[in-house]
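Enquirer: my questions are about this predicted structure, shown below with the sequence.
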Amino acid sequence: MLDLRKFRLRSGESLRDEVEVEIAPIELGGQRYLIVPEKVPAELTITRASTGTVYELRFHVRLHGPCFRCLGDAVLDEDLALREYQAESPNGVEELTTPYVTQNRLDLSAWARDGLVLALPDKILCRADCAGLCPVCGVDLNREPHEHEGEKSDPRWAALADLRDRL
Ligand SMILES: [Zn+2]
Ligand SMILES: [Zn+2]
């Protein structure tokens, strides 16, 4: 939580600050992804306008966790630029408020985490062309590419592989 009271900005003023944001591990598709390092250096910009305040957060983050297809180690890099707006008098209009500012405190961790979750791809892979695990014997097809007898001719295998891809 960042105490915003130390930033006394007048209308038209802007300030930039280096902050450290702690981002909790993310659960995705039943798997756990760690943010490395846990404390991410970020650049926070606060700009005061006559009607409200704009908050901007930029950071680079690296995620470690299992590959969606082969369960091997996958690393994902994301660059994020987030923006929130808090009106001076929102009058109950939700679009004019940010959920991350309450009582002069900015919840950087929740904001960064939500932004990261939204930016993540559907599937985190060790590499774009990861071959995954063999649907028949479970062996990693990246390490040991192989086919089973009759695999190609039996349409049930294709259906199974297709199903596995959609899981
Ligand atoms: Zn993989
Ligand atoms: Zn196999």
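Expert: Thanks, I have the structure now. Ligands and ions are numbered 1, 2, ... in the order given.
Enquirer: give me every residue in the chain lying close to ligand 2.
Expert: With CB under 5 Å from the ion as the criterion, the chain meets ligand 2 at residues 134, 136-137. (C-beta placed from N, C-alpha, C; glycine too.)
Enquirer: out of those residues, which are buried?
Expert: Among the residues of the chain next to ligand 2, the ones that count as buried by 16 or more other CB atoms under 10 Å are C134.
Enquirer: now secondary structure and pLDDT too, for the residues of the chain next to ligand 2, in TSV please.
Expert: TSV is the format used below for the residues of the chain next to ligand 2 (DSSP: H, G, I helix; E, B strand; the rest coil; pLDDT from 0 to 100):
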residue	secondary structure	pLDDT
C134	coil	95
V136	coil	93
C137	coil	94
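Enquirer: save the residues of the chain next to ligand 2 as CSV, and put in distance to ligand 1 too.
Expert: Output for the residues of the chain next to ligand 2, formatted as CSV (distance: CB to the ion, whole Å):
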residue, distance to ligand 1
C134, 13
V136, 18
C137, 17
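Enquirer: could you dump the residues of the chain next to ligand 2 into CSV and include distance to V19?
Expert: CSV is the format used below for the residues of the chain next to ligand 2 (distance: CB to CB, whole Å):
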residue, distance to V19
C134, 46
V136, 50
C137, 49
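Enquirer: helix or strand: which one has the residue nearest to the spatial centre of the chain?
Expert: Residue closest to the average C-alpha location in the chain (CA atoms, centre = their mean): L116, at 2.4 Å. Applying DSSP states H and E as the criterion places L116 in helix 108-119.
Enquirer: quick one: buried residues of that helix?
Expert: Buried, per 16+ other CB under 10 Å, within helix 108-119: 108-109, 111-113, 115-116.
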